[in-house]
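Predicted structure and sequence below. I'll ask about it afterward.
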Amino acid sequence: MHHTVVIGGLEFSPLVIYFPMAFILTALTRFILHRLDWHDRIWKVAWFEVSLFMCFLALSVFLLSGR
């Protein structure tokens with residue numbers, strides 16, 4: 001069960017924690033791909049980054065869900 005996150009007396013969805021984690025992991029992966037000069041091999045960069053973000057989001061929800 002996902003629990004709400006309380007910040008300053010306000011209750012937020014757990015996605016408040018999951019989205020920044022997924023974004024940081026996506027940005028880190030993008031930075032590594034650019035440093036290794038592999039970004040030229042990706043056919044559709046925007047679709048790749050969106051799907052990578054969704055995969056990292058699903059992974060963070062799965063790992064932090066407490067199951």
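Okay, I see it.

On the pLDDT front, check residue 44 for me.
Looking at residue 44, its pLDDT is 90.

Return the distance of it relative to residue 52.
Residue 44 is 12 Å from residue 52, where distance means CB to CB, to the nearest Å. In short, each C-beta sits where N, CA and C put it, glycine included.

Please say which of these two ends up with more neighbours.
residue 52 (17 against 9; other CB atoms under 10 Å).

In contact with the residue positioned nearest the centre of the chain: list those residues for me.
What sits nearest the mean C-alpha location of the chain, by CA atoms, centre = their mean, is residue 22, with 1.3 Å. When contacts are counted by CB atoms under 8 Å, 6 or more residues apart in numbering, residue 22 touches 53, 56-57, 59-60.

quick one, helices of the chain?
15-35, 45-64 (DSSP state H).

The contacts of residue 22 into a markdown table, with extra columns for pLDDT and distance to residue 10?
Compiled in a markdown table, the contacts of residue 22 are given as follows (pLDDT from 0 to 100; distance: CB to CB, whole Å):
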| residue | pLDDT | distance to residue 10 |
| --- | --- | --- |
| 53 | 97 | 26 |
| 56 | 97 | 26 |
| 57 | 95 | 22 |
| 59 | 94 | 27 |
| 60 | 92 | 22 |
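
ok, so of those residues, who is nearest residue 7?
residue 60 (18.1 Å; CB to CB).

Could you check how far the worst-scoring helix or strand of the chain on mean pLDDT is from the centre of its chain?
Across the helices and strands of the chain, mean confidence by mean pLDDT, DSSP states H and E is lowest for strand 5-7: a mean of 79. Distance of strand 5-7 from the chain centroid (CA atoms, centre = their mean, to the nearest Å) equals 20 Å.
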